[in-house]
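Participant: Need a 3D model of the following:
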Amino acid sequence: MSLGEFDLIARHFTRPARRNPLGVGDDCALIAPAAGMQLAVSSDMLVEGRHFLSTVAPERLGHKALAVNLSDLAACGAKPLAFTLALALPRADDAFLAGFARGLFALADRHELDLVGGDTTAGPLNLCVTIFGEVPPGQALLRSGARVGDELWVSHPLGADEPGWLGDARLALEVFRGTAGLRVPGEAFGRLRLAMECPAPRVALGLALRGVATSAIDVSDGLLGDLRHVLRRSGAAGQPLGAVIEADALPRSPLMGEQTQALQLECTLSGGDDYELLFTAAAADHDRVLQAGERSATGVRRIGRITASGGAVVVGRDGQRLATPWASFDHFRL
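Facilitator: As a prediction, this is how the structure comes out:
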């Protein structure tokens, strides 16, 4: 049976309303944050061939389309409320849509999120989610609050065999590319691929870091590149702060340890698609950061410190500066 635009919305994306009193179907959604809260809003687009491979399972694609937006809310310390979905499809494939919706709503239900509207059209496969969250005034985590002397932290999975360690998503991409010299056992590739296709947004950690972290960002385009956003926004006009990153402190999976040092650094520092939280906190709040990790069941690792100037510098065990010739991901310089 051929599906039309409104048929596919009714079949796959219409659900009982919780936070949206109108449900799906009106020209606009009405969202009511709790009294005294501010809305936090973010949009992310995923384009086939640029952000995901054509071989990705529909369930994982549905998960990732929402996860990357939830990661933005996590970096802001915002509680998720609702989202919209704009979907361009080459054709109305019922099996694809069923799988996509399963993955999308499994993650949405985990975070008590409502789909409150959006759009569908024919075209190259393109997914755009706009997400809404709430945060108390003055408590949002921003990129602009880092201070000289702050410790630099990054989140990570708790178990060594869990997917999602820093750099694993990039390592999976290198396997797909057939990069020479890789050492990835066949049974382990599934964990790497899961990290790339099914990231875990650190929403609980973002909430636990309110009032503790001085700045935060999610690692989507590479740790070094995303850190530079924090350094620029936190510094004075035209004078960004600096940072020292300790290479040996970077959290990496055992699979990463099998690779050359050069590939390890490239994947962990500039690989992107990690969706871990990179954040700063005062040295005096070291134990409070560890407690936030415990409360949110998320690993946290101190990887360096903020300095007055000098850009982002990576040092080895002997304190010597390491070469970091890689750029972060840029949508127009791939």
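Participant: what's the neighbour count on the nearest residue to E258 once chain neighbours are set aside?
Facilitator: Computed as Cβ to Cβ, 6 or more residues apart in numbering, the closest residue to E258 that is not its neighbour in sequence is R183, at 4.5 Å. No exception for glycine: its C-beta is placed from N, CA and C like everyone else's. Residues lying near R183 (other Cβ atoms under 10 Å) number 11.
Participant: where does R183 fall, helix, sheet strand or coil?
Facilitator: Assigned with DSSP: H, G, I helix; E, B strand; the rest coil, R183 falls in the coil class.
Participant: Tell me the spacing between it and L322.
Facilitator: When distance is defined by Cβ to Cβ, to the nearest Å, R183 is 22 Å away from L322.
Participant: for N69, same thing?
Facilitator: Using Cβ to Cβ, which is the criterion applied here, N69 is 34 Å from L322.
Participant: Compare the two and say which is more crowded by neighbours.
Facilitator: More crowded of N69 and L322, by other Cβ under 10 Å: N69, with 26 against 14.
Participant: you'd agree that one is in a helix?
Facilitator: Yes. Under three-state DSSP, N69 falls within a helix.
Participant: got the contact list for the residue positioned nearest the centre of the chain?
Facilitator: Using Cα atoms, centre = their mean, the residue of the chain that lies closest to the mean C-alpha position is Y275, 2.6 Å off. The neighbourhood of Y275, defined by Cβ atoms under 8 Å, 6 or more residues apart in numbering, consists of 67-68, 71, 164, 199-202, 218-220.
Participant: same check, this time on A98
Facilitator: Counting by Cβ under 8 Å, 6+ apart, A98 touches 12, 58.
Participant: What mean pLDDT does the helix or strand containing it get?
Facilitator: Secondary-structure element containing A98, defined by DSSP states H and E: helix 94-110. Looking at helix 94-110 alone, the average pLDDT works out to 94.
Participant: CA atoms of the helix or strand encompassing R233 as PDB?
Facilitator: For R233, the enclosing helix or strand under DSSP H and E is helix 223-234. Presented in PDB, the C-alpha positions along helix 223-234 are these (Å, rounded to 0.1, in the frame of the first residue of the first chain):
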ATOM      1  CA  LEU A 223      37.300  17.500  21.600                       C
ATOM      2  CA  LEU A 224      40.000  20.000  20.500                       C
ATOM      3  CA  GLY A 225      37.600  21.900  18.200                       C
ATOM      4  CA  ASP A 226      34.800  22.000  20.700                       C
ATOM      5  CA  LEU A 227      37.200  23.100  23.500                       C
ATOM      6  CA  ARG A 228      38.300  26.000  21.400                       C
ATOM      7  CA  HIS A 229      34.700  27.200  21.400                       C
ATOM      8  CA  VAL A 230      34.800  27.300  25.200                       C
ATOM      9  CA  LEU A 231      38.200  29.100  25.300                       C
ATOM     10  CA  ARG A 232      37.000  31.700  22.800                       C
ATOM     11  CA  ARG A 233      33.600  32.300  24.500                       C
ATOM     12  CA  SER A 234      35.200  32.400  28.000                       C
END
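Participant: elements contacting it?
Facilitator: Packing contacts for helix 223-234, counted by 3 or more Cβ pairs under 8 Å, 6 or more residues apart in numbering; DSSP states H and E, involve strand 213-218, strand 242-246, helix 261-270, strand 277-281, strand 312-315.
Participant: my read: the residue nearest to E258 touches L263, true?
Facilitator: No. Under the criterion of Cβ atoms under 8 Å, R183 lies out of contact with L263, with a separation of 9.7 Å.
Participant: thinking again about what came up before, what about the residue nearest to the centre of the chain, distance to L152?
Facilitator: As for Y275, its distance to L152 is 18 Å (criterion: Cβ to Cβ).
Participant: This protein: strands as residue ranges?
Facilitator: Listed from the start of the chain, the chain has strands (DSSP state E) covering 38-47, 79-89, 114-122, 126-135, 151-156, 213-218, 242-246, 277-281, 299-307, 312-315.
Participant: what's the most buried one of the ones you listed?
Facilitator: Most buried of the strands of the chain by mean neighbour count (mean count of other Cβ atoms under 10 Å) is strand 277-281; its value is a mean of 28.
Participant: Starting from it, tell me which strands it pairs with and how they run.
Facilitator: strand 151-156 (antiparallel), strand 213-218 (antiparallel) (DSSP bridges).
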